[in-house]
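Asker: Have a look at this fold, sequence not included:
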């Protein structure tokens, strides 16, 4: 999946590199994985999943994938803006084995870093005009980017509000992750197809494929947060449980199990503060409920919906196949 | 100046009103001054200064001011996004006599409220296309909005970084406020002229007029933060001093005064924590240095630069006069 990472990074660097003041852009370059905290070059960038989907979709829909680079960069920047702010909101001190931006430069400056990355995303998407994309499509791309960003923030708001609730059921959870994670994957594929000049129906259907993939991605993320290998995910296991996140394993256990186990869980969540022992107990209970199989099945169903939709579309076979492989990777990944 | 407030609010409401989930949009409506914390209607909106400048400039440059409404709304939204995040960053518990968003809903959700308002701003500006603005100009408007937003975040980053420094001189201060406050006023006038179809030189010069006005506005703001009437400004006097903000009165006192007074100030700022007595002492010292006259003179000079530039431009006399009156208001305002 990381096959376009180099080209993407090169493009992103052209947007960010010479900017002033250093107080702001050193945070941006650090978060994007190009520099360590002291400004020395490193190679610690993310998976560039969403941008790869954007470029592949452009090609699959008959376009030139490099024409979609500004859109792919914009999607990647929106994703990274959300990570910087999420880490502040969740109090997560680490991301991918490195201190979070707020941990190094404080919350106030980290808010600025996120805000700047979001502004850069909007600058990036309008650069489609420089790639010869017709103006109507550029404006539409900017509109879709903003709308999906807004949806993502709506999802993030729900996610945080769920921490205080015990009554989050599967429909509420699904609505939340469709916005929090589905919307930006939708955006990635939608913009790729739009740049390719696909007709409105194909653009919309590819966006929907992206939305299904994004929800599958998030379910996998939820699984990794409970059962993942910390040394691979770079995120302490149990952190989400402690923060009372209503991840899918927890939603399942609170809604679909009965009797003592469920009462147990509810009693623990009713406590004002969760201890290490509580977190361990919840993790063990989740194991016993069969939540892991349930999550894996749901993620797989979502992916299958996406692939079935993909099969019905008129696409270039080569890149369409790569899209399928990328979709499979979403559910196999360990980080 | 508030003459277009009603039309602006009506337009903003059309963008925000029916949105879901309520957890997010109640914060947005509260911050925009349309609702109290319980969702009951109130009328507590801001001065809508920047959007008024945008609409007036459109008219002065020969356009139809209502065509610029999406741009004016976008500028107002960017301004409000920055206020929501600023209050978190500065730990300001009140704004305009009301609790800040973070004080009511917590920092994590307030970050979301700001992020959403910024995304709405980018949605708004692209709606210029629906008002019949030609597509090249719509894309340019989106680009300028993002660029000026980025500049504003750069200025905010500098402003926060200055809190830890004693060596902030007038050039450093000026660079900071040109970005933090000048850039968005620049944007307001620039977009107004762009929508009017003015030529590139006129658009740029009106943007520069805006930038000068924005810096004059900020100097007045700095004065009000030290000498303003709390019951009018809605902001506790001395809060900026306590946070070691390098407002212009402080920059003047640290750089332009000599002897005991300056040593005094530097000794106080060297303390790890400022007490009420320290803040009172600094405020008294600032009074004695002549900082007030200095600030008033500098603000007035900036305004005069703007008005002199305005006099050289080919504009409709009526709205150009209103622009002049609005510029005067910036320096007379008490809140």
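Answerer: Everything's here; your move. Just so it is clear, the model here is predicted, and its values are computed rather than measured.
Asker: For the helix or strand where residue A:253 lies, buried residues please.
Answerer: If you go by DSSP states H and E, residue A:253 is part of helix A:248-256. For helix A:248-256, burial by neighbour count (16 or more other Cβ atoms under 10 Å in any protein chain shown) applies to A:248-254. C-beta here means a position set from N, CA and C on the backbone, and glycine is covered the same way.
Asker: how about the residues of the stretch 151-300 of chain A near chain B?
Answerer: A:153-154, A:156-158, A:160-161 (Cβ under 8 Å from any Cβ of the partner chain).
Asker: same thing but at 10 Å, please
Answerer: Residues of the stretch 151-300 of chain A lying close to chain B by Cβ under 10 Å from any Cβ of the partner chain are A:151-163, A:175-176, A:179.
Asker: what about the stretch 1-150 of chain A, any weak spots by pLDDT?
Answerer: A:1-2 (pLDDT under 70).
Asker: Which residue ranges of it form strands?
Answerer: For the stretch 1-150 of chain A, the strands defined by DSSP state E, counting those that start in this stretch cover A:94-95, A:98-99.
Asker: what's the closest of those strands to chain B?
Answerer: strand A:94-95 (16.4 Å; Cβ to the nearest Cβ).
Asker: Remind me what that closest one packs against, helices and strands.
Answerer: helix A:69-90, helix A:101-126 (3 or more Cβ pairs under 10 Å, 6 or more residues apart in numbering or on different chains; DSSP states H and E).
Asker: Looking at those helices, spot the one closest to residue B:87.
Answerer: Among these, helix A:101-126 comes nearest to residue B:87, with 10.8 Å by Cβ to Cβ.
Asker: Next, the buried residues of that closest one.
Answerer: A:101-105, A:107-126.
Asker: do it and chain B meet?
Answerer: Yes. On the criterion Cβ under 10 Å from any Cβ, helix A:101-126 is in touch with chain B at A:105-126.
Asker: ok, which stretches of the stretch 101-250 of chain A are helices?
Answerer: A:101-126, A:135-162, A:170-177, A:183-195, A:200-227, A:230-233, A:239-242, A:248-256 (DSSP state H, counting those that start in this stretch).
Asker: Show me what the helix holding residue A:253 is packed up against.
Answerer: For helix A:248-256, the elements it packs on are helix A:170-177, helix A:200-227, helix A:239-242, helix A:259-269, helix A:276-289, helix A:291-311, judged by 3+ Cβ pairs under 10 Å, 6+ apart.
Asker: Quick check: residue A:331 vs residue A:51, distance?
Answerer: Residue A:331 sits 19 Å away from residue A:51, going by Cβ to Cβ, to the nearest Å.
Asker: Between these two, tell me which one has more neighbours.
Answerer: residue A:51 (30 against 17; other Cβ atoms under 10 Å in any protein chain shown).
Asker: still on that earlier bit, which stretch among the strands of the stretch 1-150 of chain A comes nearest residue A:300?
Answerer: Nearest to residue A:300, of all the strands of the stretch 1-150 of chain A, is strand A:94-95, at 27.2 Å by Cβ to Cβ.
Asker: what residues does that closest one touch?
Answerer: A:31, A:33, A:44, A:46, A:83-84, A:86-87, A:100-101, A:103, A:230, A:234-236, A:239 (Cβ atoms under 10 Å, 6 or more residues apart in numbering or on different chains).
Asker: for stretch A:32-42, same thing?
Answerer: In contact with stretch A:32-42 (Cβ under 10 Å, 6+ apart) are residues A:9, A:12-13, A:16-17, A:22, A:25-30, A:43-46, A:76-77, A:80, A:95-96, A:98-99, A:101, A:103-105, A:117.
Asker: List the buried residues for it?
Answerer: Those would be A:32-35, for stretch A:32-42 by 16+ other Cβ under 10 Å.
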